[in-house]
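Enquirer: Based on what follows, work out the 3D shape:
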Amino acid sequence: LNLDLFALITQLFSPLIAIGQTFPGFLLCIFIPAFFYSFGVNSWFMNPITTPIALAGITANAEAFANGLAPTNIYTSNITFSVIFIGGMGVTLALNVMMCRSKSKRLKRFGQVALVPSLFNINEPLVYGTPITFNPILMIPMWIAGLVCPIITWLTFYFGLVPIPTRVFEMWYLPKFIFAYFSTGSIRGTVLAVVLFAVSWLIYYPFFKVYDKQVYEEEQAALKQESE
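Expert: Residues are numbered from 1 along each chain as shown. Prediction:
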């Protein structure tokens, strides 16, 4: 069909570049990848759109700091990777920890297997294996976390509760509570990461309990059928 899929996606989302450093742009740049991720489309597909915004943002912050001015750009990879993607896109580390104490044997074992990658913000095993993708019970909290956590983050940096980063720090695979300190240059970054982890726990918990109960009952029914 002579269709350049990369060019098409870039064109569709190019308006985000113009508004990337605004509150709506920041929110959309975080929520859209989380939304598509819940349908099995890996969040990296947004990188051609979000990376230029993030790099331009941190570059301008560094220049402002060098000139004795206050940094103003909140959308940078330092911020998105350090305090929002706790466990990976969709803030899934809390869900993973819950699974390690699941009543369901399958969820418990899978939670234990996926925990180490999740600690280093690699959540493809969790997202595709649990699964979260195409799972209505777990897709919804991923969407909610994809909205609530960026809102809290934006307000926190906007009101100066945590310093806006002025230097590039791209070691996104560090556990977020460590990464947040180095990327923001302040222990307040780590505190924010802890707060977001707690918020994501509250978001995922009721949905996890429903799904855990459902899977546990299915396992019990299968065991009963085998015994008969």
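Enquirer: State the number of residues packed around C29.
Expert: 23 (other C-beta atoms under 10 Å). C-beta here means a position set from N, CA and C on the backbone, and glycine is covered the same way.
Enquirer: Give me the buried positions along the one helix or strand it maps to.
Expert: Take DSSP states H and E as the rule and C29 turns out to sit in helix 23-37. Neighbour-count burial for helix 23-37, counted by 16 or more other C-beta atoms under 10 Å, picks out G25, F26, L27, L28, C29, I30, F31, I32, P33, A34, F35, Y37.
Enquirer: Need those in CSV (columns: distance to Q225 and pLDDT).
Expert: Shown next, in CSV, are these (distance: C-beta to C-beta, whole Å; pLDDT from 0 to 100):
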residue, distance to Q225, pLDDT
G25, 52, 87
F26, 50, 89
L27, 47, 90
L28, 47, 88
C29, 48, 86
I30, 44, 89
F31, 42, 92
I32, 43, 90
P33, 41, 90
A34, 37, 92
F35, 37, 93
Y37, 35, 93
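Enquirer: quick check, nearest of the residues you listed to L161?
Expert: F26 (15.9 Å; C-beta to C-beta).
Enquirer: how near is the closest residue to that closest one other than its chain neighbours to A34?
Expert: Take F26 and drop its neighbours on the chain: the residue closest to it by C-beta to C-beta, 6 or more residues apart in numbering is Y75, 5.0 Å away. Per C-beta to C-beta, to the nearest Å, Y75 is found 15 Å from A34.
Enquirer: for F182, same thing?
Expert: To A34, F182 is 24 Å away according to C-beta to C-beta.
Enquirer: And for Y173?
Expert: 19 Å.
Enquirer: Now that C149 has come up, it's in contact with A198, right?
Expert: No: counting by C-beta atoms under 8 Å, C149 sits too far from A198 to count as a contact (10.8 Å).
Enquirer: one step back: reformat the buried residues of helix 23-37 into TSV and put distance to M139 next to each item.
Expert: Formatted as TSV, the buried residues of helix 23-37 follow (distance: C-beta to C-beta, whole Å):
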residue	distance to M139
G25	24
F26	22
L27	18
L28	18
C29	20
I30	16
F31	13
I32	14
P33	14
A34	10
F35	9
Y37	9
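Enquirer: Now for K103, how many residues are close by?
Expert: K103 has 14 nearby residues by other C-beta under 10 Å.
Enquirer: Find the nearest non-adjacent residue to it, please.
Expert: Y216 (4.5 Å).
Enquirer: List the contacts of that neighbour.
Expert: S102, K103, S104 (C-beta atoms under 8 Å, 6 or more residues apart in numbering).
Enquirer: The one helix or strand L126 maps to - what's its average pLDDT?
Expert: Assigned by DSSP H and E, L126 belongs to helix 124-129. The average pLDDT within helix 124-129 is 94.
Enquirer: If you count neighbours, what's buried in that helix?
Expert: Within helix 124-129, the residues scored as buried using 16+ other C-beta under 10 Å are P125, L126, V127.
Enquirer: wait, which of these is closest to K108?
Expert: For those, the closest approach to K108 (C-beta to C-beta) belongs to L126, at 13.3 Å.
Enquirer: The closest one and V116 touch, don't they?
Expert: No: contact criterion C-beta under 8 Å: L126 and V116 do not qualify, at 11.1 Å.
Enquirer: Right, I'll leave it there.
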